[in-house]
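K.L.:
Here is a sequence together with a model predicted from it:
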Amino acid sequence: MRWTRYPINTMKETPAEAEIASHRLMLRAGLIRRLAAGIYTWTTFGLLTLRKVEAIIREEMNRAGAFEVLMPAVQPAELWQESGRWDEYGPELLRFTDRGDRAFVIGPTHEEVITDLVRRELQSYRQLPVNFYQIQTKFRDEIRPRFGVMRGREFIMKDAYSFHIDEASLAQGYELMREAYTRMFTRMGLTFRSVRADSGAIGGSTSEEFQVLADSGEDAIVFSDGDGYAANLEMAEALAPAAPRGAAGAAMQSVATPNVRTITAITEFLKVPATQCAKTLLVEGAAGGVVALVLRGDHELNAVKAQKVPGVATPLRMASAEAVLAASGAEPGFVGPVGLRCPVIADRSAATLADFVCGANVPDTHLTGVNWGRDLPEPAVADLRNIVAGDPSPSGKGTLSIARGIEVGHIFQLGRKYSDAMGCTVLDEESRSTTLCMGCYGIGVTRVVAAAIEQNHDERGIIWPEPIAPFQVVLVPINIAKSQRVRETADRLYDEFTRAGLEVLLDDRDARPGAKFADAELLGIPHRIVVGERGLEAGKLEYRHRRATASEDFPLDDALRFIRARLATG
RNA sequence: CGGGGCAUGGCGCAGUCUGGUAGCGCAUCUGCUUUGGGAGCAGAGGGUCGCAGGUUCGAAUCCUGCUGCCCCGACCA
């Protein structure tokens, strides 16, 4: 492609709205343009990469035996009422009515539509298992869209749904998708991890996220250095401390702590480590009232874990200031588990504390030397806290570290939630009607592009992984207006490369070299060839990879062979 | 949803407090010069100052309402 004939528009300055690197660079390089909050146009140039990502996904889905379909964005409300999600889904589901006052939604996902299709089309177990996928536009009315296409409201998703006669077949289909996802993200040149996203509770329901590792990621993920254990922080189990609780050594005492409300303040005021303090959080109970959750001072509450504890309201809500005062007799900051008039649940680590410090439920007062079983009843114990780096792995091998990730894929064994609700059945070998077992498998296609940039950029611009680069090679002729030789050589190379099937961008603008180099680096095209008088005098061209810090010369006569060798290794 | 902020040419901003008919940089167009790391000079085009009311001789500026957008939001007990 010739730059002067291509609709591409770079920006030297960054629009004020862009917070993270990928968003900034996507705007500056002209991949996307904003239309409304969380809604973006993909430009001709941006679409080159988006299509490459889609092509890799398509190839691997097909290779895994899935079949492509294309379902509507607009879906009738009846299907959502049938599955029960009309009431469950909440304000993220965009609802509207047509001219005849019939209710519709814009699909945030397509379980209902595919289940409806399958229940009509499939009659026999002989037609199973089967996996349908699509690459299609979704809409979720996010509370707070941000970071460009990273968390947009409208976005492109690859969603797939598999149907099986039983759980064993589902497990096989799930495994196939797991392998396909691993191949896709590997082919795209991304550094990623698959991560456990569910503790694997009842029903053997299993779920894994595919996380692209990047410091700006919205998710925290946890790894063991001892084996392959990896999980979302929300799900990673914190084991009970190996050492048993120490013996009580001190008497419980009341200490005046005027206006000392936080753990940090307590550690400074009483000169005790945070690991010797207990913090008590009052949350709303499932049946009204409040429940006390007790954590060690240096630990953070994990909301996902907490709301799974029986008696705790879902979703987790902190108790109001009035409720705290009613239950404890003191304001937040001086609440403790001793003498509290509500159920007390201690985190595993908090439950092994001895001689600990906590709020006294009396204004401006804390207690020291507190011991479970002596000064207050033994608490109920649960895993309530977030993992911290250095914790032992729940797999039993190694210790855990924490990294940030961007969730680009999620695979899930659904079971019969939708097929049950919607009557999706086939006849089995014995002519009995059997409800199908389902899996679903998503990839945020537009998010993958942002994640790739987040993981591959420097201060000058994007550094595309080769398999998803919009162009493979950029040709930069120097002083094209004056030098006929440079112009003709660049034209000839462009034709030669293009005929050879390479994806080449020829920067044929009459611009100064600095401007061309800066744009080439912003766009992130992996291989750059400079054509200049200086080199041509010696029969040379100049090559530089986007990641390299220095250029190398190579013979003009050998150009195609040279660049092909670089593409193969690059 | 709660809190805060912003809305002026394609992008980034000043002007608003103290009302007098809109300006700077980048980008765009023309000409000349320049050409190995975002050139220089000269000229040009482009804005009903988010929308609707109001106050005033006069409103980007003051008042009211609306809309859009951005940022933050249990982690404290």
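P.N.:
Noted; the coordinates are in hand.
K.L.:
State the distance from the residue of the stretch 351-500 of chain A found nearest RNA strand B to residue A:239.
P.N.:
Using CB to the nearest atom of the strand, the single residue of the stretch 351-500 of chain A nearest to RNA strand B is residue A:479, 3.0 Å away. Every C-beta, even on glycine, is put in place using the N, C-alpha and C of the backbone. Distance, residue A:479 to residue A:239, using CB to CB, to the nearest Å: 67 Å.
K.L.:
same deal with residue A:250?
P.N.:
To residue A:239, residue A:250 is 27 Å away according to CB to CB.
K.L.:
Of these two, which one has the most company?
P.N.:
Neighbour comparison, residue A:250 and residue A:239: the larger count goes to residue A:239, with 15 against 12 (by other CB atoms under 10 Å).
K.L.:
Does residue A:357 touch residue A:266 like I think?
P.N.:
Yes. Under the criterion of CB atoms under 8 Å, residue A:357 makes contact with residue A:266 at 6.4 Å.
K.L.:
any shared contact partners between these two?
P.N.:
Common neighbours of residue A:357 and residue A:266, using CB atoms under 8 Å, 6 or more residues apart in numbering, are A:272, A:277, A:297, A:366.
K.L.:
tally of neighbours for the closest residue to the third one other than its chain neighbours?
P.N.:
Leaving aside its chain neighbours, residue A:297 sits nearest to residue A:277 (3.2 Å; criterion: CB to CB, 6 or more residues apart in numbering). The burial count assigned to residue A:277 is 25, neighbours taken as other CB under 10 Å.
K.L.:
Check the one 3 residues further on too.
P.N.:
Here the count is done by other CB under 10 Å, and residue A:280 has 23 residues near it.
K.L.:
In contact with residue A:80, which residues?
P.N.:
A:86, A:89, A:93, A:105, A:112.
K.L.:
Would you tell me what the next helix or strand after whatever helix or strand it lives in is?
P.N.:
According to DSSP states H and E, residue A:80 maps onto helix A:77-83. Downstream of helix A:77-83, the next assigned helix or strand under DSSP H and E is helix A:85-88.
K.L.:
quick one: buried residues of that next one?
P.N.:
A:85, A:86 (16 or more other CB atoms under 10 Å).
K.L.:
For the residue in the stretch 251-400 of chain A positioned nearest to RNA strand B, give me its contacts.
P.N.:
Nearest residue of the stretch 251-400 of chain A to RNA strand B (CB to the nearest atom of the strand) works out as residue A:332 at 2.3 Å. The neighbourhood of residue A:332, defined by CB under 8 Å, 6+ apart, consists of A:261, A:282, A:321, A:324.
K.L.:
Can you pick out the most distant pair from those residues?
P.N.:
Greatest spacing in the contacts of residue A:332, by CB to CB: A:261 and A:282 (14.3 Å).
K.L.:
out of the two, which sits in the more crowded spot?
P.N.:
residue A:282 (24 against 14).
K.L.:
now that one, which residues is it bridged with?
P.N.:
Legend: beta-bridge partners of residue A:282 under DSSP bridges are residue A:292.
K.L.:
Residue A:359 versus that one, what's the distance?
P.N.:
11 Å.
K.L.:
Find residues that contact each of those two.
P.N.:
By CB under 8 Å, 6+ apart, residue A:282 and residue A:359 have these common neighbours: A:328, A:335.
K.L.:
Residue A:310 - nearest residue in space that isn't next to it in sequence?
P.N.:
residue A:286 (7.5 Å).
K.L.:
Could you do residue A:421 as well?
P.N.:
residue A:83 (4.9 Å).
K.L.:
Let me see the contact set for the one you found.
P.N.:
Residue A:83 is in contact with A:111, A:112, A:115, A:417, A:418, A:421, A:422, counting by CB under 8 Å, 6+ apart.
K.L.:
Now, those that are in strands?
P.N.:
Among these, none falls in strands (DSSP state E).
K.L.:
Which two among these are spaced furthest apart?
P.N.:
Within these, A:112 and A:417 form the most distant pair, 10.9 Å apart (CB to CB).
K.L.:
Tell me which of the two has more neighbours.
P.N.:
A count of neighbours by other CB under 10 Å puts residue A:112 above the other of residue A:112 and residue A:417, at 25 against 15.
K.L.:
Touching, that one and residue A:79? I think so.
P.N.:
Yes. Counting by CB under 8 Å, residue A:112 does reach residue A:79; the two are 4.0 Å apart.
K.L.:
and for those two, which residues touch both?
P.N.:
By CB under 8 Å, 6+ apart, the residues touching both residue A:112 and residue A:79 are residue A:422.
K.L.:
The top strand by length along chain A - which strands sit beside it in the sheet, and in what orientation?
P.N.:
Scanning chain A for the longest strand, with DSSP E as the assignment, gives strand A:400-415. Sheet pairing of strand A:400-415 (DSSP bridges) gives strand A:207-213 (antiparallel), strand A:219-224 (antiparallel), strand A:437-444 (antiparallel).
K.L.:
For residue A:502, what are phi and psi?
P.N.:
Per-residue torsions, residue A:502: phi -80, psi 150 (degrees, to the nearest 10).
K.L.:
show me what contacts it?
P.N.:
A:472, A:473, A:563, A:567.
K.L.:
Could you give the bridge partners of the second one?
P.N.:
Applying DSSP bridges to residue A:473 gives these bridge partners: residue A:504, residue A:527.
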